[in-house]
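# Structure of the sequence below:
(one chain, ligands or ions: 2)
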Amino acid sequence: MKSKIPVVLTIAGSDSGGGAGIQADLRTFAFHCVHGASALTCVTAQNTVAVNRVDGLPPQAVVAQLDAVVDDLGVQAVKTGMLLNAEIIQAVSDRLQTLQLRPLVVDPVMVSRSGAQLIDRQAVETLQQALIPQATVVTPNRYEAQLLTGVEINSLEKMEEAAETLKWQSGVQAVLIKGGGMTGELRGVDVLLDDQGMVVLKTECIDTGNTHGTGCTLSAAIAANLATGHSIRDAVHQGKNYVTEALKWSLEIGQGTGPVGHFFPLCLN
Ligand SMILES: Nc1ncnc2c1ncn2[C@@H]1O[C@H](COP(=O)(O)OP(=O)(O)O)[C@@H](O)[C@H]1O
Ligand SMILES: Cc1ncc(COP(=O)(O)O)c(N)n1
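Residues are numbered from 1 along each chain as shown. Ligands and ions are numbered 1, 2, ... in the order given. Predicted coordinates for the structure are as follows:
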C-alpha cells in the first residue's frame with residue numbers, strides 16, 4: 001500500500017541529549033504523522049545541564065541538505081531552529097527566498113533553557129533582517145522577544161506590545177510570544193498576533209522543571225499542522241495543546257532540566 005504524507009523540513013542543530021533541536025523536531029513530526037526531513041546546522045555536545053561544545057557546519061553544507069530534500073521529496077512546510085551564526089542564517093535565508101519555501105515557522109533560538117547563549121550578536125541582526133521578515137509565524141520566547149524588540153517583558157501588556165513591535169518592524173505574518181519564561185499566573189501564557197488581531201493563549205500551567213525542548217516542540221508542531229492544511233490560528237492553538245500534554249508527561253532524565261514527553265499516549269504505564 002502506498003501512502004501520501006506531507007513532508008516537513010527542519011533546519012536546526014543537533015542536541016546530543018535528545019531533548020531539543022533536531023531530535024525534538026523529528027519526534028514531534030512523527031507524532032503528527034508527517035514525514036520529517038532535516039538540514040543540520042551544528043552539533044551541540046549538550047545534556048539536561050549544559051551546552052559543553054558547539055560545532056557548526058559550513059553554510060554550503062546546510063544549503064546542500066536543504067536542496068537535496070527540496071529537489072527530491074518536495075516540502076509542505078519548513079521550520080528553523082538553532083542557526084548558530086550570521087553566515088548560516090544568511091545562506092539559509094537566501095535559499096528560502098529564492099525557492100519561496102512556505103509556510104515557514106521561524107523559532108529564533110538564541111538562549112537555551114539552561115541560560116546558554118546559542119547564537120552570536122551579529123547572528124541576531126541577520127535573523128532580524130533576512131529571515132524573520134519571510135516567516136509565516138515567528139515564535140520568540142520572553143528573552144528572545146526582549147532582544148528582538150527592546151521591550152522589557154514583565155506583564156501581559158508588555159507581551160502584547162512586543163508582539164505589535166515585532167510584527168510591524170519585520171512585516172512577519174504572525175508573531176507568537178511564548179510565556180514559558182514568565183512568572184506567576186503568566187507562566188505558560190502565550191500571545192499570538194496575526195492579521196486578525198491579538199489572542200491570548202492559555203492552557204493549564206504544568207508544574208514541572210522538565211521543560212527542555214518546549215520551544216522546539218511547539219514550533220515543529222505548528223509547522224506540521226500548517227503542512228496538513230490548518231490555518232495559522234488553528235496550527236498554533238493545536239501546537240500549544242500538544243506542548244501542554246507533552247509537558248504533563250515530561251521525562252525525569254538527567255540531573256538538570258529534563259525533556260518533554262513527545263509520545264505521551266504511548267507511554268502511559
Ligand atoms: N510550565 C508550563 N506550563 C504550561 N506551558 C508551558 C510551561 N512552560 C512552557 N510552556 C509553554 O511551552 C511553549 C514554549 O514556550 P517557552 O518555554 O517559553 O519556549 P522556549 O523553549 O523557546 O524558551 C509555550 O507554549 C509555553 O507557554
Ligand atoms: C540544538 C538546540 N536547539 C535548540 C535549543 C533550545 O531548546 P528549547 O526548545 O528548550 O528552547 C537547544 N537547547 N539546543
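# Tell me how far Gln90 lies from Lys248.
Distance of Gln90 to Lys248, given as C-beta to C-beta, to the nearest Å: 39 Å. All C-beta atoms are positioned from the backbone trio N, CA, C, and that covers glycine.
# same check, this time on Val260
To Lys248, Val260 is 9 Å away according to C-beta to C-beta.
# Cys42 too?
If you go by C-beta to C-beta, the gap between Cys42 and Lys248 works out to 31 Å.
# So if I had to pick from these two, which one is more boxed in?
Neighbour count, other C-beta atoms under 10 Å: between Cys42 and Lys248, Cys42 has more, with 21 against 14.
# Just name whatever secondary elements the helix or strand where the more buried one lies is in contact with.
Using DSSP states H and E, the element containing Cys42 is strand 35-46. Judged by 3 or more C-beta pairs under 8 Å, 6 or more residues apart in numbering; DSSP states H and E, strand 35-46 is in contact with strand 7-15, helix 21-31, strand 51-56, helix 59-72, helix 86-99.
# Count the residues that sit near Glu144.
Neighbours of Glu144 (other C-beta under 10 Å): 24.
# who's in contact with the residue in the stretch 51-200 of the chain that ligand 1 sits nearest to?
Relative to ligand 1, the nearest point of the stretch 51-200 of the chain is Gly180 (2.2 Å; C-beta to the nearest ligand atom). Residues in contact with Gly180 (C-beta atoms under 8 Å, 6 or more residues apart in numbering) are 141-142, 187-188, 211, 214-215.
# do that again at 7 Å, thanks
141, 188, 211, 214 (C-beta atoms under 7 Å, 6 or more residues apart in numbering).
# residue ranges of the helices in the chain, please?
Assigned by DSSP state H, the chain shows helices spanning 21-31, 59-72, 86-99, 121-126, 142-149, 156-170, 214-227, 232-248.
# for those, which one sits closest to Pro108?
helix 142-149 (5.1 Å; C-beta to C-beta).
# is any part of the closest one close to ligand 2?
No: applying C-beta under 6 Å from any ligand atom, one finds helix 142-149 separated from ligand 2 by no less than 9.0 Å.
# Can you get me a residue count around the closest residue to Glu245 other than its chain neighbours?
Distances taken as C-beta to C-beta, 6 or more residues apart in numbering place Phe264 nearest to Glu245, at 5.4 Å, with adjacent residues excluded. For Phe264, the neighbour count with other C-beta under 10 Å is 16.
# Tell me the residues of this protein that contact ligand 1?
With C-beta under 6 Å from any ligand atom as the criterion, the chain meets ligand 1 at residues 113, 141, 178-181, 187-188, 190, 203, 205-206, 211, 214-215, 218, 240, 243-244, 247.
# For the stretch 151-269 of the chain, which residues score under the pLDDT cut-off?
For the stretch 151-269 of the chain, the stretches flagged by pLDDT under 70 are 265, 267-269.
# residues from it in reach of ligand 2?
Residues of the stretch 151-269 of the chain lying near ligand 2 (C-beta under 6 Å from any ligand atom): 212-216.
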